[in-house]
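>>> pasting the sequence and the predicted model now:
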Amino acid sequence: MNREVALPEGGLGELREADAGARAAPIPPMRTLGEVEQAGLRGLDPVIAAFLQGGSGSEVTLARNQRAFDQIRFVPRTMSGLAYPSAATSLFGRSLSIPVLTAPFGADGYFHPDGHVAIGRANARFGTCSIVPEAGTHSVEQVAAAAPSSALIGQLHPMGSEVNFLSMVRRYEATGYRALCLTVDCPTPGWREHNLRHAFNIDNRVVGGNYPPGAEIDMERALGQLHAQTEPVWSWGKLAELMTATSLPWVAKGILTPEDALAATTAGAAGVVVSNHGGRQLDGVSSAVEALPSIVSALAGGSVVLLDSGIRRGSDVVKAIALGADAVLVGRLSAYGIAAGGEEGAYRVLDLLRQEIETTLVLLGRGDITDLGRDAVTFGKGWDGS
């Protein structure tokens, strides 16, 4: 028997009214990101908490994502004489207060009824942006309506029906999204033993916001290929052909090798997201941050390079930027934030990241995060990046 997990109190319901003065109920003081995680997990069903925290297989890659960051060492410069540092940057024509975007994780309604709507509002207030998921609790139109200044990048899965895929592309275009993020490392879910142990299947309501019952394209047609595996995995050539139908720039998410990075850009991608899906897909692969330097070198500065998987604190963000990433994505941190306090919890995550990023820059003796380079870091024993 499959385990059924209750949705958050109040269900999914309608979106809260967009009252500019409204704020969520007060949340407990969370002075560190570790406290945000603890607060978020306390309110979750244990099965949902395991789903959020877990990886695939033996979770070797999940652990390596964080361990690899620990093996990167800073090279500080003292008495810099610099003014207080700037952590601001830009991406796809949008200024960002810090080089952090929210990753497009699905099933967000399990963590808070407002899901990515709450995250989008927090991002808009803070001055950064979201990558809005195809398999989310709310539709891409709802998220954009709630947070038009932050819902700028739309995610989708290149698989299954070409008609379904292009229909989703057109929806993002019509809603005003400025770029697309194509998740290329998920032709099927990873071997996630935490789900198997609990006989847990995701409730369709938390992933079907874009494909409600009765819609022209239902969820089974659009996302069923993730599980059914009835059609071949797409090729770069097929994706390149389909993406000629849009003028939106796009990035390929789930890249771990220079060869795939070059294949993506040859297919027309404006950049890549170096990612192992947070350790939730193929176990036993490199950490994302270890794969980052060789991919940056292969692309030679001509493309956007984002880093996803393993970011747990502001100093990790600084390390990723020093190794050549333009910005990073955070998924679990954002999920902990909304689980702990909805929009205010998501905002707290961003503010704590900003504080630690700026502190790290001061102690490094660097005045601007966009000026960071490889001379800001060195590597300890066990580092496996080039």
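Arrived safely, thanks for sending. Numbering: from 1, shown residues only.

>>> look up how far Gly278 lies from the closest residue in space to Ser303 that isn't next to it in sequence.
With CB to CB, 6 or more residues apart in numbering as the criterion, Ser303 has its nearest non-adjacent residue at 4.3 Å, and that residue is Gly271. For glycine as for every other residue, the C-beta is placed from the backbone atoms N, C-alpha and C. When CB to CB, to the nearest Å is applied, the distance between Gly271 and Gly278 equals 19 Å.

>>> pLDDT score for Glu231?
We have a pLDDT of 76 for Glu231.

>>> same deal with the one 4 residues further on?
Listed pLDDT for Ser235 reads 96.

>>> what does Ala174 give?
Looking at Ala174, its pLDDT stands at 97.

>>> cool, Thr188 as well?
Spelled out, the predicted local distance difference test score at Thr188 is 85.

>>> for Leu180, same thing?
At Leu180, the model reports a pLDDT of 98.

>>> now the one 5 residues further on
On the pLDDT scale, Asp185 is placed at 95.

>>> doesn't it fall inside a helix?
No: membership of Asp185 in a helix is not supported by DSSP: H, G, I helix; E, B strand; the rest coil, which gives coil.

>>> quick one: residues contacting it.
The neighbourhood of Asp185, defined by CB atoms under 8 Å, 6 or more residues apart in numbering, consists of Lys253, Gly254, Ile255, Leu256, Ser275, Asn276, His277, Gln281, Leu282.

>>> how close does the residue nearest to Ser303 get to Val304?
Distance of Gly271 to Val304, given as CB to CB: 3 Å.

>>> what do these two both touch?
Val251, Asp326.

>>> who has more neighbours out of these two?
Using other CB atoms under 10 Å, the more surrounded residue of Gly271 and Val304 is Gly271, with 25 against 19.

>>> got phi/psi on that one?
phi 180, psi -170 (degrees, to the nearest 10).

>>> the one 10 residues further on now?
For Gln281, the backbone dihedrals (degrees, to the nearest 10) come out as phi -110, psi -100.

>>> cool, and Trp250?
phi -140, psi 150.

>>> do Thr378 as well
The phi and psi values for Thr378, taken as degrees, to the nearest 10, are phi -140, psi -180.

>>> in this protein, which spans are helices?
In the chain, the segments counted as helices under DSSP state H are 33-42, 46-53, 60-70, 115-126, 140-146, 162-175, 193-197, 219-223, 225-228, 236-242, 258-266, 288-299, 314-322, 332-364.
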